[in-house]
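J.: show me how the following folds:
(chains A, B, C and D)
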Protein chains: 2
Amino acid sequence: MLDAEAWGAECCGERRDAAESRQRILDAARALFAERGVEPVSMYEVGRAAGVGQGTLYRRYEHKGALCGALLHESAGRFSEEVRVRLEGDDGPALEKLMYLLQRLAGFNEENAPLLGAIRDAAGGERRRERYHNPFYQWLRETAKMLLEIAVERREIPPLDTEYAADASLAPLNIDLYLYQRQELGMDRGRMTAAMRRLVLEGLKGSG
Amino acid sequence: MLDAEAWGAECCGERRDAAESRQRILDAARALFAERGVEPVSMYEVGRAAGVGQGTLYRRYEHKGALCGALLHESAGRFSEEVRVRLEGDDGPALEKLMYLLQRLAGFNEENAPLLGAIRDAAGGERRRERYHNPFYQWLRETAKMLLEIAVERREIPPLDTEYAADASLAPLNIDLYLYQRQELGMDRGRMTAAMRRLVLEGLKGSG
DNA sequence: TCTCCAAGCGGACAGTTGTCCGTTTGAGTG
DNA sequence: CACTCAAACGGACAACTGTCCGCTTGGAGA
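T.: The predicted structure is shown next:
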């Protein structure tokens, strides 16, 4: 499960001054991001606006991606909880549930595009591994894999490499491609959902 | 077609001093990258090693991604040429040809991982669009789309949204996911190829 | 050959990231 | 309350990106 704290929430035994710094950083970031968007705001500015030194800022959030992750925490928790509830029931085909996951993920991309973009940008160079090696993606991956395993068990689909198939199913929803399709290519959500549905449920060779 | 120059080769009417600078920059970059890897080398260092000022360096290559693109030029040209030749013949199913494209792309990732990673890293923030809006990806995309259209025409597969399907087929081969699967998850190429083949040729529901 | 100027040059610079380190402080313990 | 020290603080700092701008130069035309 994707627990609280997964992507950078408050830790537990925080000293009072530390908690206050954290809150001031988050408030300042929220305000600046709301005013000017996420991308053009630097960590330097956040620190200045929050009235904390560089050391304090980076001690709490070691890069902009971590800060954005913390801001995304609530939204991500809601998302994973809603998905959990829907998947819990024993009703309906597992592939249908996988489609639900993917559609909800598209919605999550839509709602949180700027923060997700910033998180992605921050995970470059020596932080490349964090792009996939993070609790949120791990949860997506495990959930998709589980659904595919159930689908195989129930003979909805023949056996296949569920681990690879999970990554492959999620890959078209990576934030960069998603934004490219939406903003540059002008695809609408309905079209993308329909096309994705076709590919997931029928594959290329499906009955159309 | 992916022409020369697509990703940043020499331009045509270059002044002699400019050509010399460009060559020195490329030589210095190649040497530094070979010695220490791509990621930890900064543009600043490349400029210093090449003996050119910042202005000259950035006039030629406006960011590290562009420099890496230029270094990749030859390899990318070879790749697209080889694919072109294979696809030219009128023989065999279009889906087989799509698989060929994807497998060769996996090989391209493998051979050029560090440069591709650096290019990706450089395309963040206000340069997000360049991640997909570049001649190389456009060529991949158009090629995949064309093969899917042929497959539909020839009744290899039922009609579908070829544009979306092209992006979706290429998405699992994005360099970040590819490296994660290879390096973090320890998947081997054979497994990935087999799993991809299954998904492309049969879809999830295929005859297994 | 001389003139001219667009193209090219380099280095200073502002703004940023992320680290380091000496100083301060909050919260347990006696 | 006084003591202690790990935790937290802030600001200086080195390194880097990308821009700007005044100076230089290759090469085209007279």
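J.: contacts and neighbour counts: CA atoms only from here.
T.: OK.
J.: how much space between residue A:91 and residue A:153?
T.: Distance from residue A:91 to residue A:153, counting by Cα to Cα, to the nearest Å: 15 Å.
J.: between those two, which one's more packed in?
T.: residue A:153 (13 against 10; other Cα atoms under 10 Å in any protein chain shown).
J.: how near is residue A:190 to residue B:110?
T.: Separation of residue A:190 from residue B:110 (Cα to Cα) stands at 35 Å.
J.: quick one: name the residues of chain A near DNA strand D.
T.: A:14-15, A:17-22, A:51-56, A:59-60 (Cα under 7 Å from any atom of the strand).
J.: which of those residues fall in strands?
T.: Using DSSP state E, no member of the residues of chain A next to DNA strand D sits in strands.
J.: contact partners for the nearest residue to residue A:57 once chain neighbours are set aside?
T.: Using Cα to Cα, 6 or more residues apart in numbering or on different chains and skipping the chain neighbours, the partner closest in space to residue A:57 is residue A:47 (6.0 Å). Neighbouring residues of residue A:47 by Cα atoms under 8 Å, 6 or more residues apart in numbering or on different chains: A:25, A:53, A:54, A:57.
J.: and these, which are buried?
T.: Among the contacts of residue A:47, the ones that count as buried by 16 or more other Cα atoms under 10 Å in any protein chain shown are A:25, A:57.
J.: and of the contacts of residue A:47, the nearest to residue A:123?
T.: Distance to residue A:123 across these (Cα to Cα) is lowest for residue A:57, with 18.1 Å.
J.: right, and the closest one touches residue A:23 too?
T.: No. Residue A:57 lies out of contact with residue A:23 (Cα atoms under 8 Å); the separation is 11.1 Å.
J.: just the closest residue of chain A to chain B, please.
T.: residue A:203 (3.6 Å; Cα to the nearest Cα).
J.: quick check, nearest of the contacts of residue A:47 to DNA strand C?
T.: residue A:54 (4.4 Å; Cα to the nearest atom of the strand).
J.: how near is the closest one to residue A:66?
T.: 15 Å.
J.: look up how far DNA strand D lies from residue A:104.
T.: Computed as Cα to the nearest atom of the strand, to the nearest Å, the residue A:104 to DNA strand D distance reads 33 Å.
J.: burial check on that residue, number of neighbours?
T.: Neighbour tally, residue A:104, other Cα under 10 Å: 16.
J.: the inter-axis angle of the lowest-mean-pLDDT helix or strand in chain A versus helix B:189-202?
T.: Least confident helix or strand of chain A, by mean pLDDT, DSSP states H and E, is helix A:189-202 with a mean of 93. Per axes from the mean of the first three to the mean of the last three Cα atoms, to 10 degrees, the angle that helix A:189-202 makes with helix B:189-202 is 110 degrees.
J.: which phi and psi does residue A:42 have?
T.: phi -90, psi 160 (degrees, to the nearest 10).
J.: host element of the most centrally placed residue in chain A?
T.: Nearest to the mean C-alpha position of chain A, by Cα atoms, centre = their mean, lies residue A:136 at 5.8 Å. Assessed by DSSP states H and E, residue A:136 sits inside helix A:135-153.
J.: C-alpha coordinates for that helix, CSV please?
T.: This file holds the C-alpha atoms of helix A:135-153, laid out as CSV (Å, rounded to 0.1, in the frame of the first residue of the first chain):
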residue,chain,number,x,y,z
PRO,A,135,7.0,4.7,-3.6
PHE,A,136,4.4,6.1,-5.9
TYR,A,137,5.6,4.3,-9.1
GLN,A,138,6.3,1.2,-7.1
TRP,A,139,2.7,1.2,-5.9
LEU,A,140,1.4,1.7,-9.4
ARG,A,141,3.6,-1.0,-10.7
GLU,A,142,2.7,-3.5,-8.0
THR,A,143,-1.0,-2.8,-8.4
ALA,A,144,-0.9,-3.2,-12.1
LYS,A,145,1.1,-6.4,-11.8
MET,A,146,-1.3,-7.8,-9.3
LEU,A,147,-4.3,-7.1,-11.5
LEU,A,148,-2.6,-8.8,-14.4
GLU,A,149,-1.8,-11.8,-12.3
ILE,A,150,-5.4,-12.1,-11.2
ALA,A,151,-6.5,-11.7,-14.9
VAL,A,152,-4.2,-14.7,-15.7
GLU,A,153,-5.4,-16.8,-12.8
